[in-house]
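In: Need a 3D model of the sequence below.
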Amino acid sequence: MRSPEWLLTWWEIYTAPADELCILLLHEPGGGLVGLAPLFLQNIRGGAIFRLLGSGNDCTHHTTWLSASGWENHVGIAVARFLLQCKSDWKQLLFEAVDEDAEAILATMGHLAENGCLCHRRQIQSCWKISLPATWDDYLQMLSRSHRKRCRKLQRQFLDSNKIQVRQVESQADLMKGFDILLQLHGIRWGSSNKPHGVFADQRFLKFHETVSRKFLARNQLRLAWLEYNGKPIAIEYQFVDAKAVYAYQAGVDLSMDAYSPGRLSMMAAIQFAINNRCEYFDLLRGDEPYKANWRAAPMTCHDFRVWQKSGRGFIEWAMWSTYSLAVRFLKPLLPHRLIITMLTAFHKTKDIYRIRLQ
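Out: Numbering: from 1, shown residues only. As a prediction, the model looks like this:
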């Protein structure tokens, strides 16, 4: 999800005409490329914001600067120096969904703070991933006794017996069929009256994934696989693959077939695929759903970072965001969900009024 195919497709679909692409290439003294910072300048009313390509709308996970091994700190500081040198071009920096071990971005944040910038860090939902052993049997030993027993029974009853079959998109000709199944089953599981296809009801999100899935299939990095029972699709996984991991991006399931545990079977088939392809991790990405721990995924904390210049306006916005974050953190467990949404909506409207008045 940090490849040029992903990021540049996102740029083509999500950005506005006034936005400016800003990709930093960082070279060591001998001339070799050791880092890349995929940024863009979002020009909005009230001032420009430097953001990461691919950010927002839950599109991209594991965002960071790209750097050669051992160069993370150097790359991070170099990006910070660039941002400090062009302070007149931006009002705010916004780096979303950053993993806690993203050394390069953390080095950038540290250098900006040391040089007088106002920095704000907000913890968001964690990313979860399973460290995979060499074999499926070894993986089963990681599960609880009851879960292991259930998986073995389902394996014998449905997968080994071939009563339920795994189908996978292998060519561009298959992709349209696979995507139709994804929209159908994702909609059954997560759709609503106003969003029948769940997250894919957003037309930009749908267009992005229709485009990027073709590119990743051509690179043999797409896994769009579904389970069939009597020729009928009952569960599907939309995933991406690299040398180290399978990334479980979206899924769908036919709730009317719950007696066959299609969701569990689909997860089993996906993890088996990852193990058979010698992946180190099965990455369940961001979101603190309870089922992830049951599959022995471990959480990694993620944060959104915001940075302002030390000025009257910057200090006011920094204080507003700090207050907002504290309010959400402490009031969310105590107040009804609808009231929290109303409060957040009012906060964002207040921010918009504030920006207009300062112009």
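In: Mark out where each domain of the chain begins and ends.
Out: 4-124+301-358, 133-279 (automatic domain parsing).
In: Can you show me the strands along the stretch 101-250 of the chain?
Out: 118-131, 164-168, 222-229, 232-241, 245-253 (DSSP state E, counting those that start in this stretch).
In: Direction included, what does the third one pair up with?
Out: So that's strand 222-229. Using DSSP bridges, strand 222-229 pairs in its sheet with strand 164-168 (antiparallel), strand 232-241 (antiparallel).
In: deepest of those, which one?
Out: strand 232-241 (a mean of 23; mean count of other C-beta atoms under 10 Å). For the C-beta atoms, the positions are set from N, CA and C on the backbone; glycine is no exception.
In: okay, now Asp288: neighbour count?
Out: 12 (other C-beta atoms under 10 Å).
In: Just confirm it is within a helix.
Out: No - using DSSP: H, G, I helix; E, B strand; the rest coil, the assignment for Asp288 is coil, not a helix.
In: tell me the phi and psi of it?
Out: Main-chain dihedrals, Asp288, degrees, to the nearest 10: phi -100, psi 40.
In: From His61, how far out is the nearest residue to it once chain neighbours are set aside?
Out: Among residues not flanking Asp288 along the chain, Gln125 sits closest, at 4.9 Å (C-beta to C-beta, 6 or more residues apart in numbering). Per C-beta to C-beta, to the nearest Å, Gln125 is found 11 Å from His61.
In: Give me the more crowded residue out of those two.
Out: Using other C-beta under 10 Å, the more surrounded residue of Gln125 and His61 is His61, with 19 against 15.
In: Apart from its neighbours in sequence, what residue is nearest the more buried one?
Out: Nearest to His61 is Leu285, by C-beta to C-beta, 6+ apart, at 4.8 Å.
In: Next SSE downstream of the helix or strand that contains that neighbour?
Out: Following DSSP states H and E, one finds Leu285 within strand 281-286. Next helix or strand after strand 281-286 toward the C-terminus (DSSP H and E): helix 291-294.
In: ok, how many other residues are close to Lys163?
Out: 12.
In: Phi and psi next, for it.
Out: According to degrees, to the nearest 10, Lys163 has phi -70, psi -40.
In: Just confirm it contacts Arg156, I think it does.
Out: No - shown here, Lys163 and Arg156 do not form a contact pair, counting by C-beta atoms under 8 Å, at 10.3 Å.
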